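**Student:** Fold the following and give me the result.
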Amino acid sequence: MATFENVTTEIFLAGSLRNDSPPEREMIRTMKRVGSVLGLALLITISTAAFGTGTAGAQEVQVVNPATSPALTSSVDDPGRVAYQSTISRSGHCRGFTLCEFSFPSVPAGHRVVVQHIAGILDVTAGVHDTEVQVITGEYASVFFEPVQTAVSGPMGAFERPILFYVDSSKSVGVIVAVTGGGTFSPSASALEQITLTGYELDCTVAACAPIATE
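**Tutor:** Just a heads-up that it's a prediction; the model follows:
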């Protein structure tokens, strides 16, 4: 492919400047330099037109987040996840009995609850007793024993432990506590009996909840 420089040189060599006199040779060299400069300028112009010469400046972006209609936010790793804690009190309803039942509300439609911890506060008759705790859902059951030790001056016992189970929408959790070893729940009308479940709740309408494997 012929360049501007080569074409210019050939024009001068083909004309009357074919002799080797110093003026002609100097003019040829000058024209070569001019041709090189013009060729470089043409190349820069083509490159600038093709690729641009600048970088777009940063633009300010405003996120509207009013209190009446806040922007939706969620965990990137687990979208739709919120903390879950529910306490059921049966204070005064189990006095003198060996069994006390705690029924938790059903999980809302389109949600799943993951229970990770259970704790209880129990008023029982004085002494050292075992409590049998049964956790029951439509698809899960767990039974464990927790010792509850109380003093004569204050028959208040408590327990807590980690646990893990899943409850899908429309299902509920029932906890049954039985006092063994000859004890009963306190006969006092002000006796405190309560169970607390904690964990987290998933909104399956934000991110689909995979079915729970039961094999």
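**Student:** From now on I want contacts and neighbour counts done on CA atoms only, so please keep to that.
**Tutor:** Will do.
**Student:** excluding its backbone neighbours, what's nearest residue 180?
**Tutor:** residue 130 (5.3 Å; Cα to Cα, 6 or more residues apart in numbering).
**Student:** where along this protein do the strands fall?
**Tutor:** With DSSP state E as the definition, the chain shows strands at residue ranges 81-89, 99-103, 111-123, 127-136, 141-150, 156-168, 174-179, 193-203.
**Student:** mind saving the C-alpha coords of stretch 204-211 as CSV?
**Tutor:** Backbone C-alpha positions of stretch 204-211 (Å, rounded to 0.1, in the frame of the first residue of the first chain) are rendered in CSV as follows:
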residue,chain,number,x,y,z
CYS,A,204,-40.6,-17.1,50.0
THR,A,205,-42.2,-14.5,47.8
VAL,A,206,-38.9,-12.5,47.7
ALA,A,207,-36.7,-15.6,47.0
ALA,A,208,-38.3,-19.0,46.4
CYS,A,209,-37.9,-21.5,49.3
ALA,A,210,-36.7,-24.9,48.1
PRO,A,211,-38.9,-27.8,49.3
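**Student:** Buried residues, that stretch. List them.
**Tutor:** Judged by neighbour count (16 or more other Cα atoms under 10 Å), stretch 204-211 contains these buried residues: residue 204.
**Student:** Give the rounded mean pLDDT of that stretch.
**Tutor:** In this model, stretch 204-211 carries a mean pLDDT of 89.
**Student:** State the number of residues packed around the closest residue to residue 162 other than its chain neighbours.
**Tutor:** Taking Cα to Cα, 6+ apart as the measure, residue 162 lies nearest to residue 117, with 4.4 Å between them; neighbours along the chain are not counted. Counted with other Cα atoms under 10 Å, the burial measure for residue 117 works out to 16 neighbours.
**Student:** what do you get for residue 173?
**Tutor:** Burial of residue 173, expressed as a neighbour count using other Cα under 10 Å, amounts to 21.
**Student:** How much space separates it from residue 96?
**Tutor:** When distances are taken as Cα to Cα, to the nearest Å, residue 173 and residue 96 turn out to be 24 Å apart.
**Student:** Also residue 82?
**Tutor:** 38 Å.
**Student:** Return the residues in contact with residue 193.
**Tutor:** Taking Cα atoms under 8 Å, 6 or more residues apart in numbering, we find residue 193 in contact with 89-92, 94, 120-123.
**Student:** Kindly recompute the last result at 10 Å.
**Tutor:** The neighbours of residue 193, taking Cα atoms under 10 Å, 6 or more residues apart in numbering as the test, are 88-95, 100-102, 120-124, 156-158, 177, 185-186.
**Student:** ditto for residue 135
**Tutor:** Counting by Cα under 10 Å, 6+ apart, residue 135 has contacts 102, 118, 141-144, 163, 165, 173-177.
**Student:** same thing with residue 159?
**Tutor:** Residue 159 makes contact with 118-122, 131, 145-149, 195 under the criterion Cα under 10 Å, 6+ apart.
**Student:** quick revisit: averaging pLDDT over each of the strands of the chain, which comes out lowest?
**Tutor:** strand 141-150 (a mean of 76).
**Student:** CA atoms of that one as CSV?
**Tutor:** Below are the C-alpha coordinates for strand 141-150, written out as CSV (Å, rounded to 0.1, in the frame of the first residue of the first chain):
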residue,chain,number,x,y,z
ALA,A,141,-41.0,-33.9,66.5
SER,A,142,-38.2,-33.7,69.1
VAL,A,143,-38.1,-34.8,72.8
PHE,A,144,-35.4,-33.9,75.2
PHE,A,145,-35.0,-33.7,79.0
GLU,A,146,-33.9,-30.7,80.9
PRO,A,147,-33.2,-30.6,84.6
VAL,A,148,-34.9,-27.8,86.5
GLN,A,149,-33.5,-26.9,89.9
THR,A,150,-35.4,-24.6,92.2
